[in-house]
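> Next one to model:
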Amino acid sequence: MLLRPRLVRAPLRHASARAAFSARPLVPRGSNAHASTDAAASDAIVRLEADLDRLLPALSHGLVASTLGALTDRGVPAERFFSWVSLRRGFSPSAHAHNLLVDNAGKLADYRAMSRALALISQRRLSLTDRAFAFLGTSGSSRSSSVEDAARAVLRVLDDVGGACRASGVFSLVKALASTGEFDAAVSVIEETQRMARYYNVLVAAKCKAGDFVRAREMFDEMRTSGCDPDANTWNYLLGCLLKNGRTAEACGLVETMERSKLGEVPNSLTYEILTYHACKAGKMDSAMRVLDQMFLTNLTPRITIHSAFIKGYFYSGRIEDAHRYVNDTSIRDRHSTNRNYSRLAKLLRKSGRTIDAGKVLYELMEKGLRPDHSSYVKVGKDLHTMGWLLS
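Numbering: from 1, shown residues only. Purely as a prediction, here's the structure:
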């Protein structure tokens, strides 16, 4: 007599769905295990649905995601459970849950189920992410002989589904492979689809994040030799990697190369932001200012993060008067950032115990006819009131 697996109900009420699945195998063992796998899994899902019915109206996105993850961990098809959840009145599975459904099909190498899941994502115009292909980075995740084989199988499914899902799917597939260190498989996907800068950038970014500038540069050179021109993001990833690892001279050389490249989009505002951020962080404020002046000369508008880097750089270097002067001067060169710059300085002054100076900075801002950040105004105002001062 076949013993059907039983889901323990108590853990579902007091623990996550993943924990409820971890206690015992859902698939019976023995000589007839393979023949009874589908029946056992179906029985398990029926019992799970009954248990979740008792949880209503507590059914949540977190619970659904946890349950889908648990099913995938145990190698149980999740399509029926997902359909049941989708039919619950007043509940619609999130985009994240849809991606987990794709991951479940991939874990089981059920590419027909994956095709249906991807078609559903396309139909509902949801975002496809690298989480959908997380199974590629799991040991023993596929019945195929290698990760590259599994990636090719996914590509075939994406080609069949087509549309926007295919385009975002290739990008997400490359990102998933890169995040797990499967760079050869990622390159193979790019070669079989289209050599696009945004695909290569995923690999360059991953290598830069790991501090592997040599391999990142090799990827950069491979892009150029294959006829795929690097874009501003590619250059900026390399620049950030060099500066993060203290290779300032090489970073300066790279910037000079960027300026000679005659590409209209490089260097861009992010390039200057990277340069100023690292200069300010190192306390090299004069060098950072030269970069900012160059940025204004090229008619690029600094992002608020650049101003924040300057204000913090001056402040934490003990050059508070210079920070104040920077905020005042910038109010003329970049009026759109005036409010936030003054408020940023006021916050730093207040946190350092210089509440009266913080109040003066906010008062100066209000004299310009601008309103300070509400949070800064309230906090500084309360502190001043306690001290017997008024901010008005």
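> List the buried residues in stretch 114-132.
Residues of stretch 114-132 classed as buried by neighbour count (16 or more other C-beta atoms under 10 Å): 114-122, 126, 128-132. C-beta here means a position set from N, CA and C on the backbone, and glycine is covered the same way.
> what's in contact with the helix or strand hosting residue 214?
Using DSSP states H and E, residue 214 maps to helix 213-225. Outside helix 213-225, the residues within contact range by C-beta atoms under 8 Å, 6 or more residues apart in numbering are 195, 197, 200, 203-204, 207-208, 229-230, 234, 237-238, 241-242, 245, 247.
> moving C-terminal of that helix, what's the next helix or strand?
Using DSSP H and E, the helix or strand that follows helix 213-225 in sequence is helix 232-244.
> For that next one, which helices and strands make contact with it?
Contact partners of helix 232-244 among helices and strands, from 3 or more C-beta pairs under 8 Å, 6 or more residues apart in numbering; DSSP states H and E: helix 197-209, helix 213-225, helix 248-260, helix 269-281.
> okay if I get these as JSON lines plus mean neighbour count?
Shown next, in JSON lines, are those (neighbours: other C-beta atoms under 10 Å):
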{"stretch": "helix 197-209", "mean neighbour count": "21"}
{"stretch": "helix 213-225", "mean neighbour count": "16"}
{"stretch": "helix 248-260", "mean neighbour count": "15"}
{"stretch": "helix 269-281", "mean neighbour count": "22"}
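> Please name whichever of the ones you listed is nearest to residue 65.
Nearest of those to residue 65, taken as C-beta to C-beta: helix 197-209 at 24.6 Å.
> so how far is the closest one off the chain centroid?
14 Å (C-alpha atoms, centre = their mean, to the nearest Å).
> residue boundaries of the helices in the stretch 251-392 of the chain?
Here the stretch 251-392 of the chain has its helices, by DSSP state H, counting those that start in this stretch, at 269-281, 285-297, 304-316, 320-333, 338-351, 355-367, 374-386.
> and the fifth one, which residues are buried?
Buried positions in helix 338-351, judged by neighbour count with 16+ other C-beta under 10 Å: 338-350.
> Pull up the gap between the nearest residue to residue 168 once chain neighbours are set aside and residue 122, please.
Once flanking residues are discounted, residue 168 sits nearest to residue 128: 4.7 Å by C-beta to C-beta, 6 or more residues apart in numbering. According to C-beta to C-beta, to the nearest Å, residue 128 and residue 122 sit 8 Å apart.
> what sits in contact with each of the two?
Contact with both residue 128 and residue 122 is made by residues residue 165, according to C-beta under 8 Å, 6+ apart.
> what residue ranges in this structure score low on pLDDT?
For the chain, applying pLDDT under 70 flags the ranges 1-39, 41, 48-49, 51-58, 139-145, 392.
> again, 80 this time
Low-confidence segments of the chain (pLDDT under 80): 1-59, 89-90, 138-145, 261-265, 389-392.
> Show me how the record splits it into domains.
Using automatic domain parsing, the domain parsing of the chain gives 1-92, 94-194, 268-392.
> secondary structure element for residue 174?
Using DSSP H and E, residue 174 falls in helix 163-179.
> Output that helix as PDB - backbone C-alpha positions only.
Taking C-alpha atoms only, helix 163-179 is exported to PDB below (Å, rounded to 0.1, in the frame of the first residue of the first chain):
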ATOM      1  CA  GLY A 163       7.800  39.800 -27.500                       C
ATOM      2  CA  ALA A 164       8.900  42.000 -24.700                       C
ATOM      3  CA  CYS A 165       9.300  39.000 -22.400                       C
ATOM      4  CA  ARG A 166      12.000  37.600 -24.700                       C
ATOM      5  CA  ALA A 167      14.000  40.900 -24.700                       C
ATOM      6  CA  SER A 168      13.900  41.300 -20.900                       C
ATOM      7  CA  GLY A 169      14.300  37.600 -20.500                       C
ATOM      8  CA  VAL A 170      17.700  37.500 -22.300                       C
ATOM      9  CA  PHE A 171      18.900  40.400 -20.100                       C
ATOM     10  CA  SER A 172      17.700  38.700 -17.000                       C
ATOM     11  CA  LEU A 173      19.200  35.400 -18.000                       C
ATOM     12  CA  VAL A 174      22.600  37.000 -18.600                       C
ATOM     13  CA  LYS A 175      22.400  38.800 -15.200                       C
ATOM     14  CA  ALA A 176      21.400  35.600 -13.400                       C
ATOM     15  CA  LEU A 177      24.400  33.700 -14.900                       C
ATOM     16  CA  ALA A 178      26.800  36.600 -14.100                       C
ATOM     17  CA  SER A 179      25.600  36.800 -10.500                       C
END
